[in-house]
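Q: Requesting a structural model of the entry that follows:
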Amino acid sequence: MTPGTTVGDPAGTPARGRGQDGDGQLVSAVADQVGRQLRALHSFKAQVARGESDVERAMHVVLYVLADHGPLRVSALAERLGTDPSTTSRQTGDLVRRDLLRRLPDPDDRRASLLDVTAAGHEVVAQMKQRRHEHLARAVDDFTDEDLVTFTALLSRFADGLERARTDTLRTTTTAPGENA
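A: Below you'll find the predicted structure:
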């Protein structure tokens with residue numbers, strides 16, 4: 001390890017604050033690790049989704065969001081998922097047919113409906129969360145409690161940063177030319 005580096009830095013990258021470096025090597029290292037984590041998580045989610053439930057992996061995400069934030073309109077759900085409303089509508093329609101979601105009248109607009117998770121849907125979410133917890137416990141079994149606190153805090157900050165970047169990008173791509181964001 002070279003002077004000025006820290007243990008765990010990719011390739012002994014110099015330690016600096018705020019992830020800013022002149023030639024982008026630190027951000028590139030983060031991008032490489034994020035890609036690696038996304039591939040591992042994608043594989044992990046597919047494995048967990050093949051468990052006891054026959055609900056497709058994408059539909060599990062719908063159930064998770066509605067269980068945590070629902071009831072929601074399809075448009076609000078699609079926005080939270082970052083998907084097209086027609087795709088979300090198709091997924092939620094299937095979940096309604098499977099009795100995992102139900103439609104409720106929107107109290108603000110009786111012509112519209114809200115999607116809510118049924119008891120059966122909450123059971124699917126509970127089973128998925130239990131399997132996820134068991135798998136993740138194995139993934140961090142060599143972490144100390146202090147490691148877990150630090151890791152959770154950093155993941156939370158990273159997720160907040162991703163959400164800011166996503167909304168900033170959305171705002172700049174939906175601003176018409178000549179408009180101020």
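Q: got the CA positions of stretch 141-152 in CSV?
A: Output of stretch 141-152 as CSV, limited to C-alpha atoms (Å, rounded to 0.1, in the frame of the first residue of the first chain):
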residue,chain,number,x,y,z
ASP,A,141,-21.7,-12.4,8.8
ASP,A,142,-18.0,-11.4,9.2
PHE,A,143,-18.9,-7.7,9.7
THR,A,144,-18.7,-6.3,13.2
ASP,A,145,-21.6,-4.3,14.7
GLU,A,146,-19.5,-1.2,14.0
ASP,A,147,-18.9,-2.2,10.4
LEU,A,148,-22.7,-2.7,10.0
VAL,A,149,-23.5,0.7,11.4
THR,A,150,-20.9,2.4,9.2
PHE,A,151,-21.9,0.4,6.1
THR,A,152,-25.6,1.2,6.6
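Q: Packing partners of the helix or strand bottoming out on mean pLDDT in the chain?
A: In the chain, no helix or strand scores lower on mean pLDDT, DSSP states H and E than helix 25-49, which sits at a mean of 83. If contacts are counted by 3 or more CB pairs under 8 Å, 6 or more residues apart in numbering; DSSP states H and E, helix 25-49 sits against helix 57-69, helix 119-139. For glycine as for every other residue, the C-beta is placed from the backbone atoms N, C-alpha and C.
Q: Show me how far the helix or strand that the longest one is followed by is from its chain's centre.
A: Put plainly, it is helix 119-139. Moving toward the C-terminus from helix 119-139, the next helix or strand (DSSP states H and E) is helix 145-174. Computed by CA atoms, centre = their mean, to the nearest Å, the chain-centroid distance of helix 145-174 equals 10 Å.
Q: Helix 145-174 vs helix 25-49, what angle?
A: Inter-element angle recorded for helix 145-174 and helix 25-49: 100 degrees (by axes from the mean of the first three to the mean of the last three CA atoms, to 10 degrees).
Q: related to what we said a few turns ago, of all the helices and strands packed on helix 25-49, which one comes closest to L170?
A: helix 57-69 (17.4 Å; CB to CB).
Q: Which positions in the closest one come out as buried?
A: Of the residues in helix 57-69, those with enough neighbours to count as buried (16 or more other CB atoms under 10 Å) are M59, H60, V61, V62, L63, Y64, V65, L66, A67.
Q: OK, contacts around the last one?
A: Taking CB atoms under 8 Å, 6 or more residues apart in numbering, we find A67 in contact with V117, G121, H122, V125.
Q: Perfect, that will be all.
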